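Q: how would this look folded up:
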Amino acid sequence: MRLMKAKKLLFLTIFWFFLPLASLGAQGSQGAQKKIFRYATLGEPTSLDQQVTISHLTTTIAQHIFEGLYTFNAAYVPVPLLASSEKISEKGKVIDVNLRRNVPFHNGKEMTSKDVLASLNRWGRHGARGRVFFAEVDSIARKGKYGIRIVFKQPFGPWKNLLAFSNGGPVIYPYEIASKASEKPLAVKDYIGTGPYTMGEWQANRYLEIVKFNDYNSPKGESDGYGGERIAFFNKIFFVPVPEATTRVRGVQAGDFDYAAEIPSDLYDELKSNPKVRRIVNQEAAFGLVFLNSAAGLLKNNYPLRRAILTAIDVRAILSSVIGSPALWKSSSSFMPESSFWFSKNGSSLYSEGDPKKARRMARRAGYRNQPIKVMVAQGNPHQQEMTMALVAQLEKADFKITLNAYDPDDWSSKRNDREAWDLFYAQHDFVPDPILLDFMNDNYPGWWATKEKAKLSEAFVTTTDQRKRKGTWNELQSLIYQQVPAMKLGNAFTYSLASPDLKGIKDTSLVWPKFWGISF
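A: Predicted structure coming up:
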């Protein structure tokens, strides 16, 4: 009897959950149905205020509503979005950004430099990534109705990449909103941007709706990554929280959803022959890093021992055992994506050797005498635990003595800041558009890599706006990383989503956040 009641309750829950969506998708003709797009998400965002929120789901949704001065093409080279052009003077210290004209906000008001200045100032004070940018700013001011002048304290090479990075980035709000905004996320009524969609209805735990903006002024040019023309083919897009992965999968199979995010890797091969779904692989979402303690303990300043540890690691074996299908991982030595301008092969000969005998000899020459190497891991994080255990197994095969310390997530986060508590830990690193944003490039990030060689190259990397020179310096920095080993890359881990086979214009991508302009049924 209890089982029958439980099944009835589950049926009613699913029935009432999908009923509103079914009615939304059945508005008259079949043609009308095809103007609605339904995306099954893992959950719902806490806010769509892009400046102060860095969640991936926030960026996925909000990028359809809000826009910044720049964005990225498919190679992650920054290109104009609300900007039309820029002029660089005084050897890179002064940037004059010209704005596109006749760009309306969703409230009908034209975007001008007044809105841009207020938005940038709010981002600099309270934005998730604004402080990095504004730490280099001497002044920022309007230059007429359609211009902004940014004066840096010294030439600052990453400026355009930081302005183009929408995740926690400087999207533009109307002056009336931005000038009054604090660190507190904006209210839903203030979700007013310039994007191809406007904010619609948000029913908590049911759906979040965005609506086509008929007066949208699109940038020109062929669509390329996030850049170029943005055409909204759907009248409405619904983002529906569906935490259960099997429910997301079945929803796409049944036609209840047109797209479903982040499907478990163990279902990838199983879904290959299913004609009701298409698998969409995101090839540059995240990558694994092992951080080494450069400030204290056994590994401090002992670069030969660090390289011995690196030599023991077979990245392909680890990824194959933990992730599974080779379509969902890649053993890549580059710390920046293969699709990116910053892709580098420097140091690749030292990557993923997987030679325990050689590692053992190298460690002996480096003075290693079976001292314990402290590895820490967070309990309750299955991916981190599995990657850490695979790493430990390979190190023990090379006769490194490992002490494994497991902590709950809060304690693990705290222990990272204790220089005496660990020698190694594994974590996933999200995509960043400029190498300067890699965690270990920050001298104060746990690991505390701060050598004179790094400082010299980092200064040259940051203080030029010539991107070709910056790329050359980054190649040198990656070589240094493989010599001093502040971190070891454990390959790229791909995510994938499911899409309706009826969708046009959608394919495997190197873009981190899926975009739904430019696709249709």
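
Q: Report how many residues lie close to the closest residue to residue 224 other than its chain neighbours.
A: Counting by CB to CB, 6 or more residues apart in numbering, residue 224 lies nearest to residue 73, which is 4.3 Å off, once chain neighbours are set aside. Where C-beta positions appear, they are placed from N, C-alpha and C, glycine not excepted. By the other CB atoms under 10 Å criterion, the neighbourhood of residue 73 contains 19 residues.

Q: just the one 4 residues further on next, same as before
A: Here the neighbour count serves as a burial measure; for residue 77 (other CB under 10 Å) it reads 18.

Q: Does it touch residue 341 like I think?
A: Yes: applying CB atoms under 8 Å, one finds residue 77 in contact with residue 341, separated by 5.2 Å.

Q: and for stretch 352-367, what are the contacting residues?
A: Stretch 352-367 has contacts (CB atoms under 8 Å, 6 or more residues apart in numbering) with 302, 304-305, 307-317, 331, 333, 394, 397-400, 491.

Q: Show me which positions of that stretch end up buried.
A: Counting neighbours by 16 or more other CB atoms under 10 Å, one finds that the buried residues in stretch 352-367 are 352-354, 356, 359-360, 362-363.

Q: What of stretch 178-192?
A: Counting neighbours by 16+ other CB under 10 Å, one finds that the buried residues in stretch 178-192 are 178, 181, 185-186, 190-192.

Q: Show me the two of those that sit farthest apart.
A: Distances among those were taken as CB to CB; the most separated pair is 185 and 192, at 14.3 Å.

Q: Could you dump the buried residues of stretch 178-192 into a markdown table with pLDDT, distance to residue 447 and secondary structure added?
A: Formatted as a markdown table, the buried residues of stretch 178-192 follow (pLDDT from 0 to 100; distance: CB to CB, whole Å; DSSP: H, G, I helix; E, B strand; the rest coil):
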| residue | pLDDT | distance to residue 447 | secondary structure |
| --- | --- | --- | --- |
| 178 | 98 | 36 | helix |
| 181 | 97 | 34 | coil |
| 185 | 97 | 31 | coil |
| 186 | 98 | 35 | coil |
| 190 | 98 | 39 | helix |
| 191 | 98 | 38 | coil |
| 192 | 98 | 41 | coil |
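
Q: and the residue at minimal distance from the centre of the chain, what pLDDT?
A: For the chain, the residue whose C-alpha lies nearest the mean C-alpha position (CA atoms, centre = their mean) is residue 431; its distance is 4.2 Å. Model confidence at residue 431, expressed as pLDDT, equals 89.

Q: Number of residues surrounding residue 420?
A: Neighbourhood size, residue 420 [other CB under 10 Å]: 10.

Q: isn't it right next to residue 298, touching?
A: No: applying CB under 8 Å as the test, residue 420 and residue 298 come out as separate, 11.3 Å apart.

Q: re earlier: can you tell me which of the buried residues of stretch 178-192 is nearest residue 515?
A: Residue 515 has its nearest neighbour among the buried residues of stretch 178-192 in residue 191, at 17.8 Å by CB to CB.

Q: Just the helices from the stretch 301-450 of the chain, written as ranges.
A: Counting by DSSP state H, counting those that start in this stretch, the stretch 301-450 of the chain forms helices over residues 303-312, 315-322, 356-365, 382-397, 409-415, given from the N-terminal end onward.

Q: Write down the beta-bridge partners of the residue lying closest to residue 93 once chain neighbours are set aside, one by one.
A: On the basis of CB to CB, 6+ apart, the spatially nearest residue to residue 93 that is not a chain neighbour turns out to be residue 152, at 5.1 Å. Judged by DSSP bridges, the bridge partners of residue 152 are residue 137.

Q: Begin at 232 from now on, thanks
A: In the new count, where the first residue is 232, that last one comes out as residue 383.

Q: give the contact list for residue 383.
A: Counting by CB under 8 Å, 6+ apart, residue 383 has contacts 323-326, 367-369, 390.

Q: Then residue 716?
A: So, once contact is read as CB under 8 Å, 6+ apart, residue 716 ends up touching 523, 534, 537-538, 540-541.

Q: circling back to that earlier point, want to throw the buried residues of stretch 583-598 into TSV with distance to residue 666 and pLDDT?
A: What follows is the buried residues of stretch 583-598, written out as TSV (distance: CB to CB, whole Å; pLDDT from 0 to 100):
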residue	distance to residue 666	pLDDT
583	20	97
584	24	97
585	26	98
587	31	98
590	27	98
591	33	98
593	27	98
594	29	98
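
Q: which of the residues you listed lies closest to residue 641?
A: When the buried residues of stretch 583-598 are compared for distance to residue 641 (CB to CB), residue 583 wins out at 32.9 Å.

Q: Please report the number of neighbouring residues for residue 622.
A: Residues lying near residue 622 (other CB under 10 Å) number 26.

Q: Per-residue pLDDT of it, please?
A: The predicted local distance difference test score for residue 622 is 98.

Q: Might one say that it is in contact with residue 521?
A: Yes: counting by CB under 8 Å, residue 521 is a contact partner of residue 622 at 6.5 Å.

Q: list the residues that contact both of the two?
A: 655, 657, 721.

Q: Which residue, neighbours along the chain excluded, lies closest to the first one?
A: Ranked by CB to CB, 6+ apart and with sequence neighbours excluded, the top spatial neighbour of residue 655 is residue 606, at 4.8 Å.

Q: Okay, buried residues for stretch 671-690 please.
A: Counting neighbours by 16+ other CB under 10 Å, one finds that the buried residues in stretch 671-690 are 671-672, 676-680, 685, 688-689.

Q: Let me have these in a markdown table, extended by pLDDT and distance to residue 399.
A: Below are the buried residues of stretch 671-690 laid out as a markdown table (pLDDT from 0 to 100; distance: CB to CB, whole Å):
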| residue | pLDDT | distance to residue 399 |
| --- | --- | --- |
| 671 | 97 | 19 |
| 672 | 97 | 17 |
| 676 | 95 | 17 |
| 677 | 97 | 20 |
| 678 | 97 | 22 |
| 679 | 98 | 24 |
| 680 | 98 | 23 |
| 685 | 98 | 25 |
| 688 | 98 | 26 |
| 689 | 97 | 22 |
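
Q: wait, which of those is closest to residue 744?
A: Proximity of those to residue 744, judged by CB to CB, is greatest for residue 672, which lies at 22.7 Å.

Q: Can you tell me the number of residues neighbouring the closest residue to the closest one other than its chain neighbours?
A: Spatially, and ignoring its direct neighbours in sequence, residue 672 is nearest to residue 666 (6.5 Å; CB to CB, 6+ apart). A count of nearby residues for residue 666, using other CB under 10 Å, gives 23.

Q: Which residues are in contact with residue 666?
A: Shown here is residue 666, whose contacts under the criterion CB under 8 Å, 6+ apart are 566-567, 573, 672, 692, 705, 708.
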